[in-house]
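>>> one predicted model, sequence on top.
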Amino acid sequence: MVIYRGAGFLVLFLPIVFILLLLWLCPDPSVKPGDTSLSQTLLGASLGAAVNTALGFVLNRCVRRKGARAYHHFFFMPMQWPSLAIFVACGLTGLIVHLSS
């Protein structure tokens with residue numbers, strides 16, 4: 001039993017890639033080298049999830065038979081929905097952290 005199908009692995013892969021790209025391209029001067037701040041992590045994860053959400057809508061736009069699964073899924077859901085949940089969770093966490101400081 002596989003937890004993803006097609007490009008569904010990108011749900012976890014793209015946010016990690018964007019976090020690492022932000023860490024490499026624009027390191028946060030307020031933390032020691034090699035570390036990342038919470039805001040940088042949330043920004044990278046939300047950017048990766050946003051790209052993945054759009055990609056999921058594009059890849060899964062074909063018309064399917066009634067009851068047929070989407071070809072690109074993660075945990076048996078079309079890949080855009082878990083990515084949208086990651087995007088919303090990162091946005092809400094960032095908003096809560098920003099408002100509390």
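Looks like it came in fine.

>>> got a list of contacts for stretch 75-89?
3-4, 6-8, 10-11, 14-15, 45-46, 49-50, 52-57, 59-60, 69-70, 72-74 (Cβ atoms under 8 Å, 6 or more residues apart in numbering). Every residue, glycine included, has its C-beta placed from N, CA and C.

>>> mind giving me the ChimeraX command for buried ones among the residues you listed?
Those of the contacts of stretch 75-89 that count as buried under 16 or more other Cβ atoms under 10 Å are selected in ChimeraX with:
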select :4,7,8,10,11,14,15,45,46,49,50,52,53,55,56,59,60,70,72,73,74
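
>>> in this structure, which spans are helices?
Under the criterion DSSP state H, the chain contains helices at 10-25, 38-59, 80-100.

>>> ranking those helices by burial, who's on top?
Scoring these by mean neighbour count under mean count of other Cβ atoms under 10 Å gives helix 38-59 as the most buried, with a mean of 19.

>>> quick one: mean pLDDT for that helix?
Averaging pLDDT along helix 38-59 yields 92.

>>> other SSEs contacting it?
helix 10-25, helix 80-100 (3 or more Cβ pairs under 8 Å, 6 or more residues apart in numbering; DSSP states H and E).

>>> now the residue minimising distance to the centre of the chain: how far from Ile96?
Closest to where the C-alpha atoms of the chain average out (Cα atoms, centre = their mean) is Ala49, at 2.4 Å. Separation of Ala49 from Ile96 (Cβ to Cβ, to the nearest Å): 17 Å.

>>> again with Ser30
20 Å.

>>> returning to what we had before: so the residue nearest to the centre of the chain makes contact with Phe13?
No: in this structure Ala49 lies outside contact range of Phe13 using Cβ atoms under 8 Å: 11.1 Å.

>>> what pairs with the helix or strand bottoming out on mean pLDDT in the chain, parallel or antiparallel?
Ranked by mean pLDDT, DSSP states H and E, the weakest helix or strand in the chain is strand 4-5, scoring a mean of 80. Strand 4-5 pairs in its sheet with strand 73-74 (antiparallel), by DSSP bridges.

>>> before I go, just wanted to say thanks for your time.
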